[in-house]
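>>> have a look at this prediction, sequence included:
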Amino acid sequence: MKVFSRCSFVLLCFSTFFLACNNSPDIDYAGWPVFNGNETANKYSSLTQIDTSNVQQLQVAWEYHAGGFDTAAHSQIQCNPIVVNGVLYATTPQSKLFAVDAATGKQLWMFSPFDSANGQKIHFNLNNTRGVAFWSDGKDDQRIFYSAGSFLNAVNAKTGRLVESFGNGGKIDLHYGLGEQFKDLFITSTSPPAIYKDLVITGTRVSEGMDAAPGHVRAFDARTGSMKWIFHTIPQPGELGYDTWEDPDAWKFTGGANNWMGMTIDQEAGIAYMPLGSASMDFYGGKRKGANLFANSLVAVDAATGKYIWHYQFIHHDTWDRDPPAAPVLLTVKKGNS
């Protein structure tokens, strides 16, 4: 569990309130098609059929038992389901992806990401799946994107099978693009990726010790899986923030500064707002002297290109593991009659 100071929380709300307010007033709040409910991540529903006057009358309409708990491997269900076109998509304790009819609870299909994991033992306490993302070309191509273990999967939303034209047989290794020196380190993504047009933008969960991979954020083509951009959360030579690390080689061996909590994208303005966690190791900063950008920051980038727009660092050189705890909420601020 992350520890987050009251001061940092206030700063996150302040920056979100004043700097992330370009969302469209026409956003639909009547469904739950994305993680956190809608494009603003405000977890709000405008539905009014159920309220305080009748909630006590609710009765069970259906139950669905996902099964697959594994107490020895510390399995859990942390998934925030989504509902798209009358179908509910979520994950089991073992990170299997399933689709059920939202009206009846009837299972439509189930996908197991570890059927061909080459005997890989999954420790679910480190690999919980908190949600999934839906993408469509607006026609017949509909996909669910989510991570299990160290792979980002593209699953056909209608059949529950991997979309083999995506990445390597339907998957992308999340080590891709980080650097050869990090290829064997622990990496996964417990929060779902964000979707912007035809891009799948993903953060990661990494170790919190000295063996941590860097938390660089990457965008992949939703159709092919090719990497379209990467934002180095630990800046490399010539990049903004590089001089905030006293060791000029820090980017070669320092990890963390990762987007483990998810991000929010202003779909109209085309801006991705990415909270980033602490740099490794969490409670010792002797090997990473300096302010350590972009650790413990809220970073805004162009969602189409990954180009830096602005940042706010909540804590310089964090040694308390005070990460931002969640994706920011976007809202529209109106002043006077404007």
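Here it is on my side, so go on.
>>> residues contacting residue 126?
186, 188, 205 (CB atoms under 8 Å, 6 or more residues apart in numbering). (C-beta placed from N, C-alpha, C; glycine too.)
>>> okay, now the first one: neighbour count?
Spelled out, it's residue 186. If you count neighbours by other CB atoms under 10 Å, residue 186 ends up with 20.
>>> what pLDDT is listed against it?
Residue 186 is assigned a pLDDT of 95 by the prediction.
>>> kindly report the same for residue 210.
Per-residue confidence (pLDDT) for residue 210: 93.
>>> mind listing what it touches?
By CB under 8 Å, 6+ apart, the contact set of residue 210 is 255, 280-281, 287.
>>> how near is the nearest residue to residue 313 once chain neighbours are set aside to residue 146?
In this structure, residue 313 finds its nearest non-sequential neighbour in residue 297, 4.4 Å apart by CB to CB, 6 or more residues apart in numbering. From residue 297 over to residue 146 the distance is 26 Å, taken as CB to CB, to the nearest Å.
>>> what do you get for residue 237?
34 Å.
>>> right, and residue 233 touches residue 214 too?
Yes. Between residue 233 and residue 214 there is a contact at 6.6 Å, judged by CB atoms under 8 Å.
>>> possible to save the contacts of residue 126 as CSV with secondary structure and distance to residue 115?
Output for the contacts of residue 126, formatted as CSV (DSSP: H, G, I helix; E, B strand; the rest coil; distance: CB to CB, whole Å):
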residue, secondary structure, distance to residue 115
186, coil, 22
188, strand, 18
205, strand, 22
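>>> of those, closest to residue 110?
residue 188 (20.5 Å; CB to CB).
>>> can you count the residues close to the closest one?
21.
>>> residue 274 belongs to a strand?
Yes. Using DSSP: H, G, I helix; E, B strand; the rest coil, the secondary structure at residue 274 is a strand.
>>> got the contact list for it?
Per CB under 8 Å, 6+ apart, neighbours of residue 274: 203, 217, 231, 259, 263, 298-301.
>>> ok, and the most crowded of those residues?
residue 203 (30 neighbours).
>>> can you tell me how far the closest residue to it other than its chain neighbours is from residue 202?
Computed as CB to CB, 6+ apart, the closest residue to residue 203 that is not its neighbour in sequence is residue 259, at 2.7 Å. Using CB to CB, residue 259 is found at 8 Å from residue 202.
>>> what touches both of these two?
Joint contacts of residue 259 and residue 202 (CB under 8 Å, 6+ apart) are residue 217.
>>> can you tell me how far the nearest residue to residue 33 once chain neighbours are set aside sits from residue 38?
Nearest-residue entry for residue 33: residue 84, 5.1 Å, with adjacent residues in sequence omitted and distances by CB to CB, 6+ apart. Using CB to CB, residue 84 is found at 13 Å from residue 38.
>>> joint contacts of those two?
Going by CB under 8 Å, 6+ apart, residues that sit against residue 84 and also against residue 38 are residue 31.
>>> of the two, who's got more company?
Shown here are residue 84 and residue 38; by other CB under 10 Å, residue 38 has more neighbours (21 against 18).
>>> my guess is that one contacts residue 44. True?
Yes. Using CB under 8 Å, residue 38 makes contact with residue 44 at a distance of 7.1 Å.
>>> any common contacting residues for the two?
residue 29.
>>> ok, residue 33 - contacts?
The contact partners of residue 33, by CB under 8 Å, 6+ apart, come to 82-84, 134.
>>> do residue 132 as well
35, 79, 82, 89-91, 97, 144-146, 192.
>>> do that again at 6 Å, thanks
By CB atoms under 6 Å, 6 or more residues apart in numbering, the residues touching residue 132 are 89, 144, 146, 192.
>>> returning to that earlier point: distance to residue 178 and pLDDT added to the contacts of residue 210, as CSV?
As requested, these are arranged in CSV below (distance: CB to CB, whole Å; pLDDT from 0 to 100):
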residue, distance to residue 178, pLDDT
255, 9, 97
280, 14, 96
281, 18, 93
287, 19, 94
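>>> report how many residues lie close to residue 60.
The number of residues packed around residue 60, counting by other CB under 10 Å, is 6.
>>> distance of it relative to residue 105?
With CB to CB as the criterion, residue 60 and residue 105 are 10 Å apart.
>>> in the stretch 101-250 of the chain, what residue spans correspond to strands?
107-111, 133-136, 142-148, 151-156, 171-173, 187-188, 194-196, 199-202, 205-206, 217-221, 227-231 (DSSP state E, counting those that start in this stretch).
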